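Enquirer: Any chance you could fold what I've pasted below:
(one chain, ligands or ions: 1)
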Amino acid sequence: MQDLLSEIAEAASANPDKGKVASYIPELAGIDPDQFGIAIAMADGRVFSAGDADVPFSIQSVSKVFALALALGRVGDEIWQRVGREPSGLSFDSILLLERENGIPRNPFINAGALVTTDTYLSGSSPREALGELLRFVRAAADDDSIHMNEKVAKSEIATGHRNFSLAHYLASHGNMRASVDKVLGTYCHQCAVEMTCRQLALAGRFLVDAPAMPGLVSIERRRRINALMMTCGHYDGSGDFAFRVGMPGKSGVGGGILVISPGRAAIAVWSPGLNRYGNSKLGTEAMELFAHRTGWSVFGVPHPGRGIDV
Ligand code: GLN
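Expert: Sure, this is the predicted structure:
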């Protein structure tokens with residue numbers, strides 16, 4: 001496994017086409033695209049990593065996985081009256097379907113849907129309390145109390161987040177927002193501004209792995225459902241492509257991070273800031289494609305004897 005990760009990191013560094021760093025959040029625009037990290041937290045407790053796996057990055061939309069877990073913890077299946085479970089086929093910040101579908105976002109991983117999950121776990125608390133709860137969840141999952149939010153990134157997004165404000169106002173106009181738009185946006189942008197290294201993110205992802213020694217923060221049924229949504233919606237309009245190429249549930253963020261789950265086996269975090277045309281990490285996706293090919297890991301089949309690596 002260590003050799004494979006090192007080989008993947010080397011291939012990524014040697015690739016001249018690193019994709020394009022997101023520039024619409026000013027604080028993220030200046031990040032050096034020439035960075036790549038990968039880490040894997042195995043079901044048996046071993047952790048392997050390569051490249052820039054200890055460099056912190058902005059997890060951005062990967063946080064929507066933790067937000068969904070918190071919202072489900074708060075209201076259970078009632079959440080599905082306010083947000084759907086279908087891929088949108090549109091970009092992460094699209095407003096198009098909201099009008100046609102009466103303010104019910106397609107899924108919890110596009111921005112509109114994530115604003116609903118944030119509003120849900122925020123309900124009845126102050127933003128400070130809600131964010132405290134989010135951090136406690138992430139820290140417990142990763143078993144690491146040093147995980148924090150980057151205030152500058154959050155402020156930078158709040159100052160420029162006109163689209164997200166529009167989405168929230170649109171949801172509010174349909175009665176699908178309980179707290180004020182300002183409170184929800186403040187909480188959402190801070191949630192997206194959580195920083196982690198690949199190593200920390202892989203460890204935090206263990207709660208979705210479905211193996212006996214993993215942190216049991218959510219029930220088995222919820223774990224499976226979150227994984228299903230990651231597979232179908234975790235990469236926006238690139239979700240089909242990711243499922244085709246990688247064959248494992250994954251959630252991307254515009255900071256260039258991707259959390260991938262191999263049920264029963266491991267949580268994998270990969271990071272490279274340059275994005276592809278869907279807004280997902282370009283080298284991260286390619287790295288996961290190579291990883292899946294070499295290990296034979298896929299939720300759609302089992303590794304064949306003599307193919308894949310023995311871990
Ligand atoms: N905070 C970002 C936004 O709302 C998250 C988007 C993403 O990571 N795709 O635009």
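Enquirer: and the gap between the residue nearest the centre of the chain and the ligand?
Expert: Geometric centre of the chain, nearest residue: residue 62, 1.8 Å, by Cα atoms, centre = their mean. Distance, residue 62 to the ligand, using Cβ to the nearest ligand atom, to the nearest Å: 7 Å. Glycine gets a C-beta too; all of them are placed from N, C-alpha and C.
Enquirer: How about that residue: what's its closest non-neighbour residue?
Expert: For residue 62, ignoring the flanking residues on the chain, the nearest one in space by Cβ to Cβ, 6 or more residues apart in numbering is residue 253 at 4.2 Å.
Enquirer: now residue 159
Expert: Distances taken as Cβ to Cβ, 6+ apart place residue 26 nearest to residue 159, at 7.9 Å, with adjacent residues excluded.
Enquirer: So what does the one you found look like in phi/psi?
Expert: phi -50, psi -40 (degrees, to the nearest 10).
Enquirer: Likewise for residue 261?
Expert: According to degrees, to the nearest 10, residue 261 has phi -120, psi 130.
Enquirer: Measure how buried residue 139 is and give me the count.
Expert: For residue 139, the count of nearby residues is 16 (other Cβ atoms under 10 Å).
Enquirer: Helix or strand next in line after the strand or helix carrying residue 203, which one?
Expert: Assigned by DSSP states H and E, residue 203 belongs to helix 198-204. For helix 198-204, the following helix or strand on the C-terminal side (DSSP H and E) is helix 220-233.
Enquirer: quick one: average confidence on that following helix?
Expert: Taken as a whole, helix 220-233 has a mean pLDDT of 97.
Enquirer: quick one, strands of the stretch 101-250 of the chain?
Expert: Here the stretch 101-250 of the chain has its strands, by DSSP state E, counting those that start in this stretch, at 148-149, 194-196, 250-252.
Enquirer: Between those strands, which one is closest to the ligand.
Expert: Smallest distance to the ligand across the strands of the stretch 101-250 of the chain (Cβ to the nearest ligand atom): 6.8 Å, for strand 250-252.
Enquirer: And the closest one, what does it pack against?
Expert: Where contact means 3 or more Cβ pairs under 8 Å, 6 or more residues apart in numbering; DSSP states H and E, strand 250-252 is packed against helix 220-233, strand 257-262, helix 282-295.
Enquirer: Out of those, which is the most enclosed?
Expert: Among those, ranked by average contacts under mean count of other Cβ atoms under 10 Å, first place goes to strand 257-262 (a mean of 28).
Enquirer: quick one, the host helix or strand of residue 268 and strand 257-262 angle?
Expert: Assessed by DSSP H and E, residue 268 sits inside strand 266-271. Here strand 266-271 runs at an angle of 160 degrees relative to strand 257-262 (axes from the mean of the first three to the mean of the last three Cα atoms, to 10 degrees).
Enquirer: does any bit of the helix or strand following strand 266-271 sit next to the ligand?
Expert: Beyond strand 266-271 on the C-terminal side, the first helix or strand identified by DSSP H and E is strand 274-275. No: residues of strand 274-275 are not located near the ligand by Cβ under 6 Å from any ligand atom, the shortest gap being 8.9 Å.
Enquirer: Strand 274-275 packs against which elements?
Expert: strand 20-21, helix 282-295.
Enquirer: Near the ligand, which residues of the stretch 1-150 of the chain? Just list them.
Expert: Residues of the stretch 1-150 of the chain lying near the ligand (Cβ under 6 Å from any ligand atom): 60-61, 92-93, 111.
Enquirer: measure stretch 116-135 end to end?
Expert: 18 Å (Cα to Cα, to the nearest Å).
Enquirer: Isn't residue 90 up against residue 97?
Expert: Yes: applying Cβ atoms under 8 Å, one finds residue 90 in contact with residue 97, separated by 6.7 Å.
Enquirer: Just to check, residue 165 is in contact with residue 184?
Expert: No: counting by Cβ under 8 Å, residue 165 stays clear of residue 184, with 9.6 Å between them.
Enquirer: who's more crowded, the two?
Expert: In this view residue 165 and residue 184 are compared by other Cβ under 10 Å, and residue 184 has more residues nearby, 26 against 16.
Enquirer: The more buried one contacts residue 114, doesn't it?
Expert: No: assessed by Cβ under 8 Å, residue 184 is found out of contact with residue 114, at 10.1 Å.
Enquirer: about what we covered before: of residue 90 and residue 97, who's got more company?
Expert: residue 97 (18 against 14).
Enquirer: what's the distance between the more buried one and residue 114?
Expert: Distance of residue 97 to residue 114, computed by Cβ to Cβ, to the nearest Å: 15 Å.
Enquirer: try residue 158
Expert: Residue 158 sits 15 Å away from residue 114, going by Cβ to Cβ.
Enquirer: now swap in residue 102 and tell me
Expert: Taking Cβ to Cβ, one finds residue 102 at 18 Å from residue 114.
Enquirer: Compare those two (neighbour count), which wins?
Expert: Neighbours per residue, other Cβ under 10 Å: of residue 102 and residue 114, the larger number sits with residue 114, 27 against 10.
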